[in-house]
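[1] Let me see the structure of the following:
(chains A, B, C and D)
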Number of protein chains: 2
Amino acid sequence: MGVTIHDVARAAGVSVASASRALSGRRKVTPEIAERVARAAAELGYQPNAVAKALRDQTTGTIGMVVPGIGNPFFTTIVEAVERELQNSGTDLLLCASQYSPQVEARRLETLLARRVDGLIISPCDIEASVPAVLDAARRVPLVQLDRYIEGGGADWVGVDDEAGLALAVDHVIAGGARSVVFAGSRLVSSSARLRLSGFERAAARAGVEVLPPLLGEFTLEWGIEAGRGLLDAGRLPDAVVCANDEIAVGLVRSLRFGGARVPEDVAVVGFDDVGHATMCDPPLSTVRQPVEEMAAEAVRLLGQLKAGDPRPAQRIAIAPRLVVRQTSRPVAAGVEG
Amino acid sequence: MGVTIHDVARAAGVSVASASRALSGRRKVTPEIAERVARAAAELGYQPNAVAKALRDQTTGTIGMVVPGIGNPFFTTIVEAVERELQNSGTDLLLCASQYSPQVEARRLETLLARRVDGLIISPCDIEASVPAVLDAARRVPLVQLDRYIEGGGADWVGVDDEAGLALAVDHVIAGGARSVVFAGSRLVSSSARLRLSGFERAAARAGVEVLPPLLGEFTLEWGIEAGRGLLDAGRLPDAVVCANDEIAVGLVRSLRFGGARVPEDVAVVGFDDVGHATMCDPPLSTVRQPVEEMAAEAVRLLGQLKAGDPRPAQRIAIAPRLVVRQTSRPVAAGVEG
DNA sequence: ATCGATCGGGTAATCGATTACCCGAGTTTC
DNA sequence: GAAACTCGGGTAATCGATTACCCGATCGAT
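    Just a heads-up that it's a prediction; the model follows:
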């Protein structure tokens, strides 16, 4: 390893300054020198050392991203979208998973900051426990929260309008004839978990339908299965179940059908996210689609505008989701097959 | 940004050398100086600059990983396993997706090398087109291929024993009574695609059953659905379909059942990988489980042993997979529910 | 012919952490 | 008592790329 610009300069018989200028084109050199340097660089297989460049320029051309886990298809989708968005700006992405642990998350943020990333995009795993690490990071480098956020504001955020999304889901099942509804979600450790529950409750109250006590566990298929069993055991099924994400919904549909209930005839089920699983499962899931591409684009745009520790008030950008009606709910006038 | 070790040294009233030694503990300092430096560092919130350290030490504590795409659950699973494996060695992972394009892949390798990663783990997207970029990278830095590999050897490889895996699948369906079999896989652009087809053909020939022409498309659900329709349209179904991965298998099961065929009564279906989808789908898929954890551990171990450009002959490590019988094939004596 | 501007090339400082090297004080040993 | 050694501290070189700064040559204008 290691042909440096000094080697190139020597081989071309010029100074390092000329070599650097010839290669970067940031100042004119004679065509003759340009030619000699280009040839020398090609022959030696010179490749500039990004580490040295980063040290000198005080910028790494890198942004860090921290998500709870890449096993979750929602996060991989959003990572891909961010990557696509970054592609043409020449910045690379350093991706880390916090594994749903605030401790791991804090460590990951530390190493990203030590590596002097130019910015951070994070989906904090815990609405409370993630606060200090996220605020500290935001003080040192431009930072945008994507999807999940920490309580108390203090850092910019881009995400879906959960309130609006849940309203779409609730209004849809009610339009399909549901008179009793229940929410199947996650324990309230993330902003998404909280907002989706409250969005559900508000929409249901406004519609005046009967609301059963919410079922709160994890954002997983397994919890969906368990929640479905719980509903069956309770002896009385609601007309509709609105879920906090698609994995819960898929598990729920599976255990409901396994227990003899018909979906959507006996119970309508609606998910949230619309990534991967929704079309995969059988029957295809009605769900609320998160505008992942727009969210990623907006997050990258916002990050570009930010300066570290800028005392400008934190922005919150909520993008409207869309309802996608498939086959686990009764179709009504609206809705698009996706 | 930017309290440096000079700031710490000044605040503690000592030289940078002492500050560095006090912080790293790599040479003794008096307890008094150690104390003063520690206090100054804490008060200033000093965090060493990893970029400067990397330049000086000629090592970044980082390894790069390039996979075709993180949308594919098989690759995210393997990435997670590698990450876990790296965790306790203090090295970070720079993850890149080649998006199944040799051009993107080559670019990604270039930037990883420019950033002076200490090593590379790659699953080359194309068995032929990826050759030059991978060999070039292997010459400059320790490199291990994981899962997919390039033709012609020349770089170390760790993966599953495809031959053995396909034999497990074929023998299993034959033990279940199949007399005619077909392979549903991908066009032969990757090593996995080729080895699985040839493994299938060898096992089927050895067993002496009827073999229909293979169905070759993509490693996707959509292709599985299409392949299933193709079989139905052909008018005569084989007794068993062995698939090159789980996504194809899931799509296949779905379209076969939609077309009125019973699985496994009319047709047995076996997948490959056993990540994510296999248990999710309904009915749960019989499949061949890739030993992802072992593969990741082995790749990291091997990487640690390698020196860049080492002329030692390339190693190939194939780890045996395991058959997991669920409900898309007829159970026989062996097999474990997973 | 001379002055100023312009152009292009080279020398060396810079980014931040580590460490080779040097030096003085204190200790040991014959 | 002097030579040899140890211990701990400081100065400055180092990693590689970029660029501020300086300098000589050339050109145009007066």
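
[2] just checking, next helix/strand downstream of the lengthiest helix in chain A?
    Taking DSSP state H as the assignment, the helix of chain A that covers the most residues is helix A:191-207. With elements assigned by DSSP states H and E, the helix or strand that comes after helix A:191-207 is strand A:210-211.

[3] Given the helix or strand following that next one, what are its sheet partners and their directions?
    Counting by DSSP H and E, the next helix or strand C-terminal to strand A:210-211 is strand A:215-217. Based on DSSP bridges, the pairing partners of strand A:215-217 within the sheet are strand A:180-186 (parallel).

[4] residue furthest from the geometric center of chain A?
    Distance to the chain centre peaks in chain A at A:Gly13, reaching 51.0 Å (criterion: Cα atoms, centre = their mean).

[5] for that residue, what are its contacts?
    With contact taken as Cβ atoms under 8 Å, 6 or more residues apart in numbering or on different chains, A:Gly13 is in contact with A:Arg36. Placement of C-beta: from N, CA and C, glycine included.

[6] Model confidence at the closest residue to chain B within the stretch 51-200 of chain A, what's the number?
    Distances between the stretch 51-200 of chain A and chain B by Cβ to the nearest Cβ are smallest at A:Ala114, namely 4.2 Å. Listed pLDDT for A:Ala114 reads 94.

[7] Just give me the neighbour total for the nearest residue to A:Glu128 once chain neighbours are set aside.
    Nearest in space to A:Glu128, with sequence neighbours left out and distances taken as Cβ to Cβ, 6 or more residues apart in numbering or on different chains, is A:Glu151 at 6.3 Å. One way to gauge burial is a neighbour count; for A:Glu151, by other Cβ atoms under 10 Å in any protein chain shown, it gives 13.

[8] got it, and the one 10 residues further on?
    Residues contacting A:Asp161 under the criterion other Cβ under 10 Å number 18.

[9] My guess is it contacts A:Ile319. True?
    Yes - counting by Cβ atoms under 8 Å, a contact exists between A:Asp161 and A:Ile319, whose distance comes to 6.3 Å.

[10] DNA strand D contacts on the stretch 51-200 of chain A?
    Residues of the stretch 51-200 of chain A found near DNA strand D, taking Cβ under 7 Å from any atom of the strand as the criterion, are A:Ala52, A:Lys53, A:Leu55, A:Arg56, A:Asp57.

[11] residues touching the third one, list them.
    Applying Cβ under 8 Å, 6+ apart, one finds that A:Leu55 lies in contact with B:Asn49, B:Val51, B:Ala52, B:Leu55.

[12] mind listing what the nearest residue to the first one once chain neighbours are set aside touches?
    It stands for B:Asn49. The shortest distance from B:Asn49 to any residue that is not its chain neighbour, by Cβ to Cβ, 6+ apart, is 6.5 Å, and that residue is A:Arg116. Listed by Cβ under 8 Å, 6+ apart, the contact partners of A:Arg116 are A:Ala54, A:Gln58, A:Thr59, A:Thr60, A:Thr62, B:Met1, B:Asn49, B:Ala50, B:Val51.

[13] any idea how far the most centrally placed residue in chain A lies from B:Val134?
    Ranked by distance to the mean C-alpha position of chain A (Cα atoms, centre = their mean), the top residue is A:Ile78 at 4.2 Å. If you measure A:Ile78 against B:Val134 using Cβ to Cβ, to the nearest Å, the figure is 29 Å.

[14] Helices of the stretch 1-150 of chain A, start to end?
    Across the stretch 1-150 of chain A, reading from the start of the chain, the helices by DSSP state H, counting those that start in this stretch fall at A:5-12, A:16-24, A:31-44, A:50-57, A:73-87, A:102-114, A:131-140.

[15] rewinding a little: can you tell me which helices and strands the longest helix of chain A packs against?
    For helix A:191-207, the packing partners by 3 or more Cβ pairs under 8 Å, 6 or more residues apart in numbering or on different chains; DSSP states H and E come out as helix A:162-175, strand A:180-186, strand A:210-211.

[16] hmm, 7 Å instead?
    helix A:162-175, strand A:180-186 (3 or more Cβ pairs under 7 Å, 6 or more residues apart in numbering or on different chains; DSSP states H and E).

[17] where does chain A dip in pLDDT?
    Across chain A, residues meeting the criterion (pLDDT under 70) sit at A:1, A:277, A:280, A:308-310, A:332-338.

[18] how does it look with 50?
    Across chain A, residues meeting the criterion (pLDDT under 50) sit at A:333-338.

[19] Domain parsing of it, as residue ranges.
    Domain assignment for chain A, taken from automatic domain parsing, gives A:5-48, A:61-160+A:292-319, A:162-290.

[20] out of those, which comes closest to B:Pro264?
    When the domains of chain A are ranked by distance to B:Pro264, counting by Cβ to Cβ, first place goes to domain A:162-290 at 16.4 Å.

[21] distance between the closest one and the chain's centre?
    Using Cα atoms, centre = their mean, to the nearest Å, the distance from the centre of domain A:162-290 to the centre of the chain it belongs to is 21 Å.
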